[in-house]
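In: structure for the following, please:
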Amino acid sequence: MMRLELRDVRKSFGTLEVLAGISLHVAASEFVSILGPSGAGKSTLFQLLTGGLKGEGEMLFDGAPLDGRPFAFMPQRDALMPWRRVIDNAALGLEVQGMSRRAARERVTPLLAEFGLAGFERAWPAELSGGMRQRAALLRTVVQERNMLLLDEPFGALDALTRASMQRWLEAMWQSHRWTALLITHDVREAVLLSDRIYMFSARPARVVSEIAVPLPRPRTGRADLAREAAAIEAGILDTLLGAADPQTVSRPSNGDDHD
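Out: Sure, this is the predicted structure:
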């Protein structure tokens, strides 16, 4: 079943055209990534989905016009509240929805071990490693039990080793829960590791220049037998991206100010 479908979605800021007719879809329990150069409008697309911006075109969810916000959204930075302990940061989204703090804590507590946070319930965000902060942020996102996850470069601020560890962890979590997910990333290897399909955007104004399936079996981490196939897919994606953008923009993280 198709969960999310976008048809000819467009967005301009005055005379600046950012999205020039984006069409894509995400099926139920599918993990889909969007790759493209910085400034191509990927984060702008997420703002349209979450209601932060208004655009043109059709956005359908479960076959009906998008009404309300069925998404759990994880931004580029963990955005943990420094004055709230881990358990209360993880419960924040539930409290915003009207759940009492006690009930929200009860919902979060059984998941702490699965997210690698058992024993850190009372810790402050400043006491956590970067990877633990991201796991706490993802727990805050998924515990809301929305129909779909929107992940905007969730590991972009991490060092290379922590990022690789988090990618492996997210793949294992997705296999366990089979969330429907749409990921923005600049990391080609990350997209191939995690995705069932990948959409590649052109430079601004963004168009879909290619859609590629990733038919590799799971799990994909720790599989030497898949390395050659994964490398071939990555090479093809890079050829496409570098043909449409300055090579330096393909992996450079956005600073959040360029309508990415």
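
In: CA atoms for contacts and neighbours, from now on please.
Out: Noted.

In: and the helices in the stretch 101-250 of the chain?
Out: Secondary structure of the stretch 101-250 of the chain by DSSP state H, counting those that start in this stretch: the helices cover 101-108, 130-142, 160-177, 188-194, 227-242.

In: domains in the chain, by residue range?
Out: Listed by automatic domain parsing, the domain ranges of the chain are 1-70+147-260, 79-146.

In: what's the burial count for R135?
Out: Neighbours of R135 under the rule other Cα atoms under 10 Å: 23.

In: right, I mislabeled it, should have said G156
Out: Residues within reach of G156, counting by other Cα under 10 Å, total 18.

In: list the contacts of M148.
Out: P70, F71, A72, W179, T180, A181, L182 (Cα atoms under 8 Å, 6 or more residues apart in numbering).

In: among those, which lie within strands?
Out: Judged by DSSP state E, strands contain the following of the contacts of M148: F71, A72, A181, L182.

In: turn these into JSON lines, including distance to A232, neighbour count and pLDDT.
Out: Output for the ones in strands among the contacts of M148, formatted as JSON lines (distance: Cα to Cα, whole Å; neighbours: other Cα atoms under 10 Å; pLDDT from 0 to 100):
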{"residue": "F71", "distance to A232": "33", "neighbour count": "19", "pLDDT": "86"}
{"residue": "A72", "distance to A232": "33", "neighbour count": "21", "pLDDT": "84"}
{"residue": "A181", "distance to A232": "24", "neighbour count": "23", "pLDDT": "93"}
{"residue": "L182", "distance to A232": "23", "neighbour count": "24", "pLDDT": "95"}
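
In: and of these, the nearest to R133?
Out: Closest approach between these and R133, by Cα to Cα: A72, at 17.2 Å.

In: and the closest one, bridged to which residues?
Out: L149 (DSSP bridges).

In: elements contacting the host helix or strand of G93?
Out: Assignment of secondary structure by DSSP states H and E places G93 within helix 92-96. Secondary-structure packing of helix 92-96 (3 or more Cα pairs under 8 Å, 6 or more residues apart in numbering; DSSP states H and E): helix 101-108, helix 130-142.
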